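**Q** below are the sequence and a predicted model; questions follow.
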Number of protein chains: 4
Amino acid sequence: MPRRAHTGRRRNEAAREAILAAAADLLARDDTAISVGAIAAAAGVGKQTIYRWWPSKGAVLLEAAIERAQELTPRPDTGSFAGDLETFLVATFETVSAPPVRALLRTSMAEALRDPAAADALRAFTLSRREMLLEILDRAGERGEADEGTDRHLFADQAFGVLWYRVLLGHDPLTPAAARALAANLVRSCGSS
Amino acid sequence: MPRRAHTGRRRNEAAREAILAAAADLLARDDTAISVGAIAAAAGVGKQTIYRWWPSKGAVLLEAAIERAQELTPRPDTGSFAGDLETFLVATFETVSAPPVRALLRTSMAEALRDPAAADALRAFTLSRREMLLEILDRAGERGEADEGTDRHLFADQAFGVLWYRVLLGHDPLTPAAARALAANLVRSCGSS
Amino acid sequence: MPRRAHTGRRRNEAAREAILAAAADLLARDDTAISVGAIAAAAGVGKQTIYRWWPSKGAVLLEAAIERAQELTPRPDTGSFAGDLETFLVATFETVSAPPVRALLRTSMAEALRDPAAADALRAFTLSRREMLLEILDRAGERGEADEGTDRHLFADQAFGVLWYRVLLGHDPLTPAAARALAANLVRSCGSS
Amino acid sequence: MPRRAHTGRRRNEAAREAILAAAADLLARDDTAISVGAIAAAAGVGKQTIYRWWPSKGAVLLEAAIERAQELTPRPDTGSFAGDLETFLVATFETVSAPPVRALLRTSMAEALRDPAAADALRAFTLSRREMLLEILDRAGERGEADEGTDRHLFADQAFGVLWYRVLLGHDPLTPAAARALAANLVRSCGSS
DNA sequence: ACATAACCGAGACGGTACGTCAGGTCTTATC
DNA sequence: GATAAGACCTGACGTACCGTCTCGGTTATGT
């Protein structure tokens, strides 16, 4: 039961932003090894200031990655399921095929695979992206363009699965053509035959 | 506890096997941090013996992972595209949903994301799995069950994309039901309309 | 647990005392590592309040040490040089052989060796103790019990040298017998042969 | 029960020497703050190599200090107690009054006061110096120049006490005149009156 | 049969990064 | 305007691994 709400110096917002900006910069480079010391130095900040506010390196990197990624949010409304889906996927594939964004996703996943705190953050982020996609599906359902029995989870997994698979394994590039073909396949698989 | 004899002159096959076995054991545990020293100690081997034959830690881990994974290879031939695909996916999902295999895939990806040598190995492995799947598609094409214009790459990416996405992000489990639904979707998307 | 009131404007004497008391407490324990944060917390004081009034950690510790030590000041006057000296040394040795006082001297020296401000304080303190001892010598000189040509500095150094040497190196304990033997030696070395 | 006496690479003697040399160099400078990293860097050595062989920074510094100090060993034999003692003390005072040696002693003591391992090393070193001095006293006893009842510990403490006191507190310098006066006092205090 | 040479285990080496700790400074709300 | 709280930058701490190197020793081969 704190007698006062708060005493002492408050969190320095400038430091927080400098840290995330530095982290994002380093993420955009494809340096697979980013150290906490490097982030701190680039942000002009002590390491302890990072550890005071984030549980681990991965958590900082992911927060930085996500903050960047939030900006690039297509919310298409073309009137048709096929149109919305194609627009969403083409835009998303295009964004992600840019090397810095690709590097950002790859490093984010690498961190998430070692660090539970980072994994939570990544899961929260991907969940938000899934919801955007599922809005499109739900709208289509309301218009009768998609079967009601469609497995929504699988629908999202097929879309994002292709995305992540190509980003991580790199067997094929994320082309607009692939986005369109994928959109068509997904529409067909939801079709109220 | 050096029980293996030195061989001198030629590569000691027993050491190689002990290393891969130790690596596989450690991979199956979900210890996110596996060190070369730990592998060497578990194998009763000097670190240099590892570095003599593999370029990096990731390469050892992936070779071990792949060797394990090769054993679990379904090559179904039920006579129909839908049957083959469903059998393949159900079996694959089942295998991968076992926690040790899941850990193995996750750690393999983590290594591949940091270590180019490991990335190459993982790419080679996934390529071999893709070919198995594409055999099924090609057989279907010969029987006229699949459209000739089907994008083979996208077909494989959709299947393995869902698999890896669920293994890495864990939003949903790899259930047989999901495998069956995915198989149905894929058959439909290859359908000679 | 801030029980003391803020005073505003003028220096808070209660805070000063709480700081020195906390420092003295920590000094008496043989914890070789005393942090400013620990002193501040024990005193219920902000770190800045310490740094506002003292130049460094060592300076606080030494001021606390000296304040404690001032209390234990024998000023013997037995009438004879030998008597005064023996009384002084026996009392001093006894005081210093108590573990908390020993710890206090050892920590004080440790701080003085790293921190010029602390060194100054320690020098000032030891100087005051030397003057007490030299009073005894001077009185003896006036009575004709000590040679006028005696090296006063060396006289003091021999006495306090043994004290500090035993406190710091610990080859031998500070026994009353040693104090008496030392007193006898010193008297002899000042003897108007 | 080791089947072999030793396997693996042996300790690198060059590294050991480089570390002690670097430590001695840094000790001679009056930098009160010497870090393990600095020693390692100056020696061209990894920090771990220091921690592998010494329990603490203080232990390294003291070993370096002692190794240097061992070189400067007066073993006088003038035939008389007074001559031997004066020669020993004058030489010792002269050595120690050199600023680098003074710095070395001060830093050694500072380390010993914080670090038990360093304290042990310093105690062992001072013990060896005491024995040298006591040899002189014992030889004098054999010749009948010193009383048999002399307190040998106190004798040594008086000599080294003055030395350390002046090095650590610095009230007075370590002059040859002081050494001679001290020698005279000590001879008198052992006198078989 | 004996020298040679590649291999082996062990483990020390120079490094890089880790996550923690403390010193001394600065900032904020409160008295 | 001094205070308690506490965030800040700095820099050292001691540890964990990396990938390389150097030992003494083991065996298959080549003479």
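**A** Thanks, I have the structure now. As the structure is a computational prediction, the values presented were derived from the model and not from experiment.
**Q** going forward, measure contacts and count neighbours with C-alpha atoms only.
**A** Will do.
**Q** export stretch A:92-109 as CSV, just CAs?
**A** Only the C-alpha atoms of stretch A:92-109 are listed here, as CSV (Å, rounded to 0.1, in the frame of the first residue of the first chain):
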residue,chain,number,x,y,z
THR,A,92,1.9,-7.6,-47.1
PHE,A,93,4.1,-9.6,-49.4
GLU,A,94,5.5,-6.5,-50.9
THR,A,95,6.3,-5.0,-47.5
VAL,A,96,7.9,-8.1,-46.2
SER,A,97,10.0,-8.7,-49.3
ALA,A,98,11.9,-5.5,-48.6
PRO,A,99,15.3,-6.7,-47.2
PRO,A,100,15.2,-4.6,-44.0
VAL,A,101,11.8,-5.9,-43.1
ARG,A,102,12.8,-9.4,-44.0
ALA,A,103,15.8,-9.1,-41.7
LEU,A,104,13.6,-7.7,-39.0
LEU,A,105,11.3,-10.7,-39.2
ARG,A,106,14.1,-13.2,-39.3
THR,A,107,15.9,-11.7,-36.3
SER,A,108,12.6,-11.4,-34.4
MET,A,109,12.0,-15.1,-34.9
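**Q** contacting residues around stretch A:134-146?
**A** Stretch A:134-146 has contacts (C-alpha atoms under 8 Å, 6 or more residues apart in numbering or on different chains) with A:80-81, A:84-85, A:147-148, A:152, A:156, A:187, A:190-192.
**Q** and stretch A:152-169, by the same measure?
**A** So stretch A:152-169 is in contact with A:89, A:93, A:96-97, A:102, A:105-106, A:130, A:133-134, A:137, A:172-174, A:182, A:186, B:113, B:119, B:122-123, B:154, B:157-166, B:172, B:178, B:182, going by C-alpha under 8 Å, 6+ apart.
**Q** again, 6 Å this time
**A** A:172, B:157-158, B:161-162, B:165 (C-alpha atoms under 6 Å, 6 or more residues apart in numbering or on different chains).
**Q** next: stretch A:97-112.
**A** So stretch A:97-112 is contacted by A:27-28, A:30, A:58, A:62, A:96, A:118-119, A:174, B:110 (C-alpha under 6 Å, 6+ apart).
**Q** relative to helix B:99-114, how tilted is the helix or strand A:S108 falls within?
**A** Assigned by DSSP states H and E, A:S108 belongs to helix A:99-114. For helix A:99-114 against helix B:99-114, the angle by axes from the mean of the first three to the mean of the last three C-alpha atoms, to 10 degrees is 140 degrees.
**Q** for A:R152, give me the pLDDT.
**A** A:R152 is assigned 94 on the pLDDT scale.
**Q** so what's the residue count around it?
**A** Look at A:R152: counted by other C-alpha atoms under 10 Å in any protein chain shown, it has 15 neighbours.
**Q** so how far is chain C from it?
**A** According to C-alpha to the nearest C-alpha, to the nearest Å, A:R152 stands 56 Å off from chain C.
**Q** equivalent analysis for A:A103, please.
**A** The gap separating A:A103 from chain C is 43 Å, by C-alpha to the nearest C-alpha.
**Q** which residue ranges of chain A form helices?
**A** Counting by DSSP state H, chain A has helices at residues A:13-28, A:36-43, A:47-53, A:57-70, A:81-97, A:99-114, A:116-142, A:152-169, A:176-190.
**Q** for the ones you listed, could you give me CSV that also reports distance to C:E71?
**A** Output for the helices of chain A, formatted as CSV (distance: least, C-alpha to C-alpha, whole Å):
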stretch, distance to C:E71
helix A:13-28, 50
helix A:36-43, 50
helix A:47-53, 43
helix A:57-70, 54
helix A:81-97, 76
helix A:99-114, 60
helix A:116-142, 56
helix A:152-169, 74
helix A:176-190, 86
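**Q** ok, residues contacting the helix or strand of chain A with the lowest mean pLDDT?
**A** Ranked by mean pLDDT, DSSP states H and E, the helix or strand of chain A with the weakest confidence is helix A:57-70, at a mean of 90. Residues outside helix A:57-70 that contact it (C-alpha under 6 Å, 6+ apart) are A:20, A:23-24, A:108, A:111, A:117-118.
**Q** kindly recompute the last result at 7 Å.
**A** A:20-21, A:23-24, A:36, A:54, A:104, A:108, A:111-112, A:115, A:117-118, A:121-122, A:125 (C-alpha atoms under 7 Å, 6 or more residues apart in numbering or on different chains).
**Q** who in chain A is up against DNA strand F?
**A** A:6-13, A:15-16, A:41, A:44-49, A:52-53 (C-alpha under 7 Å from any atom of the strand).
**Q** circling back to that earlier point, put together TSV for the contacts of stretch A:97-112, with neighbour count on each row.
**A** Listed next are the contacts of stretch A:97-112 as TSV, based on neighbours: other C-alpha atoms under 10 Å in any protein chain shown:
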residue	neighbour count
A:L27	26
A:A28	18
A:D30	16
A:G58	27
A:L62	29
A:V96	21
A:A118	25
A:A119	23
A:L174	22
B:A110	24
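**Q** can you tell me which of the residues you listed is nearest chain D?
**A** A:G58 (26.7 Å; C-alpha to the nearest C-alpha).
**Q** how much space between the closest one and A:A42?
**A** 17 Å (C-alpha to C-alpha, to the nearest Å).
**Q** what do you get for A:L163?
**A** Distance from A:L163 to A:A42, by C-alpha to C-alpha: 31 Å.
**Q** and the two? Which one has more around it.
**A** Applying other C-alpha under 10 Å to A:L163 and A:A42 shows that A:L163 carries more neighbours, namely 24 against 16.
**Q** mind listing what the residue in chain A that chain D sits nearest to touches?
**A** In chain A, no residue comes nearer to chain D than A:G37, which is 16.4 Å away by C-alpha to the nearest C-alpha. Going by C-alpha under 7 Å, 6+ apart, A:G37 touches A:K47.
**Q** confidence score at it?
**A** 96.
**Q** then A:A112?
**A** A:A112 carries a pLDDT value of 95.
**Q** distance of it from A:S189?
**A** A:A112 is 31 Å from A:S189, by C-alpha to C-alpha.
**Q** ok, now A:L154?
**A** Separation of A:L154 from A:S189 (C-alpha to C-alpha): 10 Å.
**Q** now do A:L122
**A** From A:L122 to A:S189 the distance is 28 Å (C-alpha to C-alpha).
**Q** repeat that for A:A38.
**A** 47 Å.
**Q** of these two, who's got more company?
**A** A:S189 (23 against 16).
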